[in-house]
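Novice: I'll drop the sequence and a predicted model, then ask my questions.
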Amino acid sequence: MAAATTTLPAAVICIGMAGSGKTTFMQRLNAHLHAQKKPPYIINLDPAVKNVPFDRNIDIRDSVDYKEVMKQYNLGPNGAIMTCLNLFATKIDQVIGILEQRVQSITSLLVDTPGQIECFVWSASGTIITDALASTFPTVIAYIIDTPRTTSPTTFMANMLYACSILYKTKLPMILVFNKTDIQSHDFAHEWMTDFEAFQATLRKDEDDELRQGGGGGNGYMGNLLNSMSLMLEEFYKHLSLVGVSAMAGTGIDDFLTAVQEKVVEYDSEYRPELEKMRKKREEEKVSKQQKELDKLMKDMQGVQTSAGPSGSGASKPEPVQVDVLSDFDSDEEGGEMIERDEDEEPRKLGDEEGLQARYQQALAEDRGKKGPQGQNTLDEESFVSYLMANR
Ligand SMILES: Nc1nc2c(ncn2[C@@H]2O[C@H](COP(=O)(O)OP(=O)(O)OP(=O)(O)O)[C@@H](O)[C@H]2O)c(=O)[nH]1
């Protein structure tokens, strides 16, 4: 699955509703690529998954302990997944660093995400992780769909709207992967996506059936809504590739890999320039915001100096704001590097022996007054201004 127009490996982010078959699909893809002697580099971003039936190179569960996060922060399952992703996102630059170091030996990247789509797609951390990957590698979204559960026009439409919103949010090329085609062929989906009349006819038939059974039918609001939405989605379908696979039986995987190559070409010609434009704009906004804050601060400082006298007596250095961070970065053992998994290694449970808060505070205390692992400034060396900026 090497990129078609660039030497960089393609990154495939698998997104799909719970139970759509993401994990099974990744397992199948992994086996397929291993058989072709092109083993993929695998990243698991689902902190709550119990068993992953294939080897991962980087696993979020090595960095953050989902159960511990739930307990420590008193969160429910979705809140804990989001918090784990937030904590992991703070280290994404190190993940990218590892990937860049290995880029010569990586042929493709596969990323598994939590089944709770909204935790990944709609969270700031999901965006940070996706953006970081997409700004380094040609990145494609594989949206996995449970085909047997999508045969009614209403559920089909709901699924397409969700896919549309992901496309809109990530702004990355997308492949619709109709999974479980061993149970239900995806031909109906292909027809509905390419022939508007066919979808309208099915919609009308559905409404008539409902009327016969004593339901409201489609004469009202719902019928009109579905009609308008199907018209709107016609434009959206043009930007998608569609493949039918059975992760269980192993069919359609070659079609998927071909679609990935096509999307990589599209990424290079259309998405990358757009992403670069957006990134440049964001950078400019950030710099201008920082400059404004700095100007404001300098003004305030002048006021403080005037009122405190020339020596500025009485001004004590503020204590840093306490933040709980869970990570597997151990500067003593690993030189501050993100830890990659050994193939058979069990997930490390950080914070099992000591309270996470205590660990962080201790690490923070040790960090003060000495250089960071990459020689970056530590808290003591940071200027008062940057300290304030960081803890606004
Ligand atoms: N018949 C059939 N079943 C499948 C296929 N792919 C997955 N399944 C089944 O669908 C169920 C869900 O599959 P998973 O791979 O766990 O789905 P997931 O999307 O990773 O689920 P979450 O981890 O909850 O998000 C399992 O029982 C699989 O065996 C397929 O191609 N055909």
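Specialist: It's in.
Novice: The residue in the stretch 251-392 of the chain that the ligand sits nearest to - how many residues pack around it?
Specialist: Residue nearest to the ligand within the stretch 251-392 of the chain: residue 251 (8.5 Å; CB to the nearest ligand atom). In short, each C-beta sits where N, CA and C put it, glycine included. Using other CB atoms under 10 Å, residue 251 has 14 other residues around it.
Novice: Hmm, it is touching residue 180, no?
Specialist: No - Residue 251 lies out of contact with residue 180 (CB atoms under 8 Å); the separation is 10.7 Å.
Novice: Kindly tell me how buried residue 277 is, as a neighbour count.
Specialist: Neighbours of residue 277 (other CB under 10 Å): 10.
Novice: what does residue 63 give?
Specialist: Residue 63 - counted by other CB under 10 Å - has 24 other residues nearby.
Novice: Go ahead and confirm it touches residue 90.
Specialist: No - between residue 63 and residue 90 there is no contact under CB under 8 Å: 9.8 Å.
Novice: name the element the residue in the stretch 201-350 of the chain that the ligand sits nearest to belongs to?
Specialist: Distances between the stretch 201-350 of the chain and the ligand by CB to the nearest ligand atom are smallest at residue 248, namely 3.4 Å. Assessed by DSSP states H and E, residue 248 sits outside every helix and strand.
Novice: show me what contacts it?
Specialist: 21, 24, 28, 180, 182 (CB atoms under 8 Å, 6 or more residues apart in numbering).
Novice: The same query, at a cut-off of 10 Å, please.
Specialist: Neighbouring residues of residue 248 by CB atoms under 10 Å, 6 or more residues apart in numbering: 21, 24, 25, 27, 28, 179, 180, 181, 182, 183.
Novice: any shared contact partners between residue 251 and residue 180?
Specialist: Shared contacts of residue 251 and residue 180, counting by CB under 10 Å, 6+ apart, come down to 244, 245.
Novice: Can you pull the poorly scored residue ranges out of the stretch 251-392 of the chain?
Specialist: Applying pLDDT under 70 to the stretch 251-392 of the chain flags residues 303-392.
Novice: before we move on, which element is the spatially most central residue of the chain in?
Specialist: The centroid of the chain falls nearest to residue 126 when counting by CA atoms, centre = their mean (3.8 Å). Secondary structure assigned from DSSP H and E places residue 126 in helix 124-136.
Novice: which strands and helices sit next to the helix or strand following that helix?
Specialist: Scanning forward in sequence from helix 124-136 by DSSP H and E, the next helix or strand is strand 139-146. When contacts are defined as 3 or more CB pairs under 10 Å, 6 or more residues apart in numbering; DSSP states H and E, strand 139-146 sits against strand 10-16, helix 22-35, strand 108-112, helix 124-136, helix 153-170, strand 174-179, strand 240-244, helix 253-266.
Novice: if we go to 8 Å?
Specialist: Counting contacts by 3 or more CB pairs under 8 Å, 6 or more residues apart in numbering; DSSP states H and E, strand 139-146 packs against strand 10-16, helix 22-35, helix 153-170, strand 174-179, helix 253-266.
Novice: Can you list the buried residues in the helix or strand harbouring residue 222?
Specialist: According to DSSP H and E, residue 222 maps onto helix 221-237. Residues of helix 221-237 classed as buried: 223, 226, 230, 233, 236, 237 (neighbour count, 16 or more other CB atoms under 10 Å).
Novice: Can you name the residue of this structure nearest the ligand?
Specialist: Closest contact between the chain and the ligand, by CB to the nearest ligand atom, is at residue 115 (2.2 Å).
Novice: where does the stretch 1-150 of the chain have low pLDDT?
Specialist: Low-confidence segments of the stretch 1-150 of the chain (pLDDT under 70): 1-6.
Novice: Spell out which parts of this structure neighbour the ligand.
Specialist: Proximity of the chain to the ligand is confined to 16, 18-24, 49, 115, 179-180, 182-183, 246-248 under the rule CB under 6 Å from any ligand atom.
Novice: I only care about these that end up buried; give me the ChimeraX line for that.
Specialist: Restricted to buried positions by 16+ other CB under 10 Å, the ChimeraX selection for these reads:
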select :16,20,21,22,23,24,49,115,179,180,182,246,247,248
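Novice: hey, what's residue 14 bridged with?
Specialist: Per DSSP bridges, the residues bridged to residue 14 are residue 112, residue 142.
Novice: can you pull the contacts of it?
Specialist: 22, 25, 26, 110, 111, 112, 113, 142, 144.
Novice: How about residue 278?
Specialist: So residue 278 contacts residue 171 (CB under 8 Å, 6+ apart).
Novice: could you say which helix or strand contains it?
Specialist: Using DSSP H and E, residue 278 falls in helix 272-308.
Novice: what angle separates that helix from helix 253-266?
Specialist: Angle of helix 272-308 versus helix 253-266, following axes from the mean of the first three to the mean of the last three CA atoms, to 10 degrees, is 60 degrees.
Novice: Tell me the buried residues in helix 272-308?
Specialist: Residues of helix 272-308 classed as buried by neighbour count (16+ other CB under 10 Å): 272, 275.
Novice: Just give me how far it sits from the chain centre.
Specialist: Distance of helix 272-308 from the chain centroid (CA atoms, centre = their mean, to the nearest Å) equals 28 Å.
Novice: before we move on, what about stretch 47-58?
Specialist: Relative to its parent chain, stretch 47-58 has a centroid offset of 16 Å by CA atoms, centre = their mean.
Novice: So residue 176 sits against residue 145, correct?
Specialist: Yes - between residue 176 and residue 145 there is a contact under CB under 8 Å: 6.2 Å.
Novice: More neighbours: these two, which one.
Specialist: residue 145 (26 against 23).
Novice: nearest residue to that one other than its sequence neighbours?
Specialist: Excluding the flanking residues, the one nearest residue 145 by CB to CB, 6 or more residues apart in numbering is residue 178, at 5.2 Å.
Novice: and that neighbour, what does it touch?
Specialist: 145, 147, 150, 186, 189, 242, 243, 244, 245.
Novice: Restricting to C-alpha, output stretch 90-98 in CSV.
Specialist: Written as CSV, here are the backbone C-alpha positions of stretch 90-98 (Å, rounded to 0.1, in the frame of the first residue of the first chain):
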residue,chain,number,x,y,z
THR,A,90,-0.2,16.0,24.1
LYS,A,91,2.5,13.6,22.9
ILE,A,92,1.6,13.3,19.3
ASP,A,93,4.7,15.2,18.2
GLN,A,94,6.8,12.4,19.7
VAL,A,95,4.7,9.7,17.9
ILE,A,96,5.3,11.6,14.7
GLY,A,97,9.0,11.8,15.6
ILE,A,98,9.1,8.0,15.9
